[in-house]
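Show me the folded form of this:
(one chain, ligands or ions: 1)
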Amino acid sequence: MTTGARTTGTRTTGTTVRAVVRERYGDPGVLRVVHRALPAPTGDEVHVRVAAAGVAMGDWHLVTGLPSVMRLVTGLRAPREHGVGLDLAGTVEAVGPDVPDLRPGDRVLGCGRAAFAEVAVTRGRRLAALPAHVPAEVAAAVPTSGTTALHALRAGRVGAWTRVLVLGAGGGVGTLAVRLAVLAGAEVTAATGRPRLADALRAAGAVAVLDRSAGAAPGAGYDAVLVTGGLTPLRDLRRLLAPRGSLVLVGAEGGGRVLGGGLARQARAAALDPWVRYRLRSVVSRENPADLAHLRDLLADGALAPVLDRTFPLAEAAAAIDHVASGAARGKVVLTVS
Ligand SMILES: NC(=O)c1ccc[n+]([C@@H]2O[C@H](COP(=O)([O-])OP(=O)(O)OC[C@H]3O[C@@H](n4cnc5c(N)ncnc54)[C@H](OP(=O)(O)O)[C@@H]3O)[C@@H](O)[C@H]2O)c1
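Sure, this is the predicted structure:
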């Protein structure tokens, strides 16, 4: 809801917007929609009128505060940041004085700390211009998951002619990793527990789609294996690799509440890596302007088209996060905001 005065240039007064917030950690039921006053942007701040916001497992982690080791960064007893949501696409509403390249009215995609809102506050360097022909819900699906997929491919030295297995190819990161690996010239095998995505994964360029519940072809000798989920032990994952191949751990759910099974496995991988012939890498991804612009360009020329599962309205952000966390989503989930 917007009341009172409108934005002019870099000044915003009397504007309140609906935003999804929480004051404590808990399941997504702790989320509330409130009306929030917006002060005028300062420095390199940018206000973006959000058209669509991407939903990811990262949102579930930030809302629940699990695994609890992450609270060292996000706030020990309660979350420091009350807003929720990382990825957005929309239109610039107002800019601070230190933002040289964006103007009110510009379409953008990118990241923020509270993207589940009618207007999100972020910084100029976290945004990239978005061409008019790319739908907002398509663009909002890409920033964090796409950047993570790119970083995973780099960690695995994936390039032309490499043989890659994406183990867990049906989620937000997995579907994008398959397409980005194909665009890098790799021969990509997609292993998924979501057989209904097989056609989409083949259309993205995967040469083979495997049922991961049947076990992903031990001894296949992949140059790189990207793992987006599951707590399969390292000794089993290494059997999928060529002798000097790369095992890239993106993330995994489950395990202990303090460290989490995925982080614990990543810690073991870091300790083991110096002693083995194959490469063990973990991805800790953060968006950056160059990768955001690269992903935007791929969206703009149609080379990258994220697999969209479904959309939810802003008021149903909790249901959207629950849907992603349930494992039922095929590809990306997006909130449509305005
Ligand atoms: N390191 C980072 O910087 C970073 C950044 C973003 C996300 N992450 C983490 O990466 C993981 C994936 O994120 P997401 O956004 O893609 O989540 P998502 O959309 O919920 O997808 C979950 C993924 O887990 C896979 N999976 C589930 N059980 C599996 C198993 N037993 N073996 C192999 N794969 C399995 C699924 O594969 P199917 O398609 O086969 O069902 C799916 O691809 C999450 O744990 C997330 O927290 C890490």
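
Check which residues of stretch 232-240 are buried.
Neighbour counts over stretch 232-240 (16 or more other Cβ atoms under 10 Å) mark 232, 234, 237, 238, 240 as buried. Where you see a C-beta, it was placed from the backbone N, CA and C, and this is true even at glycine.

measure that stretch end to end?
12 Å (Cα to Cα, to the nearest Å).

Centre of the chain to that stretch, how far?
Relative to the centre of its chain, stretch 232-240 is centred 25 Å away, using Cα atoms, centre = their mean, to the nearest Å.

Got the phi and psi for residue 165?
Main-chain dihedrals, residue 165, degrees, to the nearest 10: phi -110, psi 120.

And the helices in the stretch 1-150 of the chain, which stretches?
57-64, 71-74, 136-139, 143-155 (DSSP state H, counting those that start in this stretch).

and the second one, is it in reach of the ligand?
No - Helix 71-74 is not in contact with the ligand by Cβ under 6 Å from any ligand atom; minimum separation 13.0 Å.

So for that helix, mean pLDDT?
Helix 71-74 shows an average pLDDT of 95 in the prediction.

what comes up buried for stretch 267-281?
269, 278, 279, 280, 281.

Filter these down to just the ones in strands.
279, 280, 281 (DSSP state E).

what residue ranges in the stretch 151-300 of the chain score low on pLDDT?
215-219 (pLDDT under 70).

So which residues of it form strands?
163-167, 187-192, 208-211, 222-227, 241-249, 279-282 (DSSP state E, counting those that start in this stretch).

closest one to the ligand among those?
strand 187-192 (3.6 Å; Cβ to the nearest ligand atom).

That closest one and the ligand, any residue contact?
Yes - judged by Cβ under 6 Å from any ligand atom, strand 187-192 comes into contact with the ligand through residue 192.

How about residues contacting that strand?
Where contact means Cβ atoms under 8 Å, 6 or more residues apart in numbering, the residues beyond strand 187-192 that reach it are 161-170, 174, 178, 181-182, 198, 201, 204-212, 216-217, 220, 222.

returning to what we had before: please identify the deepest-packed of the helices of the stretch 1-150 of the chain.
Neighbour counts (mean count of other Cβ atoms under 10 Å) averaged over each of those peak at helix 143-155, with a mean of 25.

okay if I get the buried residues of stretch 267-281 as CSV plus distance to residue 289?
CSV is the format used below for these (distance: Cβ to Cβ, whole Å):
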residue, distance to residue 289
269, 29
278, 33
279, 28
280, 29
281, 23
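
quick one: which of those is nearest to residue 109?
Proximity to residue 109 was ranked across these by Cβ to Cβ; first place goes to residue 281, at 27.3 Å.

now the closest one, nearest residue through space, not along the chain?
Spatial nearest neighbour of residue 281, excluding adjacent residues (Cβ to Cβ, 6 or more residues apart in numbering): residue 155 at 4.1 Å.

List the residues that contact that neighbour.
Applying Cβ under 8 Å, 6+ apart, the residues near residue 155 are 246, 248, 281, 282, 283.

cool, and residue 57?
171, 172, 251, 253, 324, 325.

which ones are touching the third one?
Remark: with contacts taken as Cβ under 8 Å, 6+ apart, residue 251 is in contact with 57, 173, 228, 229, 262, 283.

re the thing from before, could you check how far the residue nearest to residue 281 is from residue 164?
Using Cβ to Cβ, to the nearest Å, residue 155 is found at 12 Å from residue 164.

Residue 83 now?
From residue 83 to residue 164 the distance is 36 Å (Cβ to Cβ).

what about these two, which has more around it?
Between residue 83 and residue 164, counting by other Cβ atoms under 10 Å, residue 164 is the more crowded of the two (29 against 19).

which parts of this protein sit against the ligand?
Neighbours of the ligand within the chain, by Cβ under 6 Å from any ligand atom: 56-58, 145, 148, 167-174, 192-194, 212, 228-230, 232, 250-253, 262, 283-285, 324, 329.

Just the ones in helices from those, please.
57, 58, 145, 148, 172, 173, 174, 262, 324 (DSSP state H).

could you dump those to JSON lines with distance to residue 105?
Listed next are those as JSON lines, based on distance: Cβ to Cβ, whole Å:
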{"residue": "57", "distance to residue 105": "33"}
{"residue": "58", "distance to residue 105": "30"}
{"residue": "145", "distance to residue 105": "27"}
{"residue": "148", "distance to residue 105": "30"}
{"residue": "172", "distance to residue 105": "29"}
{"residue": "173", "distance to residue 105": "32"}
{"residue": "174", "distance to residue 105": "35"}
{"residue": "262", "distance to residue 105": "41"}
{"residue": "324", "distance to residue 105": "32"}
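
show me where pLDDT drops low in the stretch 1-150 of the chain?
Residues of the stretch 1-150 of the chain that meet the cut-off, pLDDT under 70, sit at 1-14.

what do you get if the cut-off is 50, keeping everything else the same?
1-13 (pLDDT under 50).

Which residue ranges of it form strands?
16-21, 32-37, 45-55, 87-95, 107-111, 119-123, 127-129.

In CSV: these, plus mean neighbour count.
Shown next, in CSV, are the strands of the stretch 1-150 of the chain (neighbours: other Cβ atoms under 10 Å):
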stretch, mean neighbour count
strand 16-21, 22
strand 32-37, 14
strand 45-55, 27
strand 87-95, 26
strand 107-111, 25
strand 119-123, 23
strand 127-129, 22
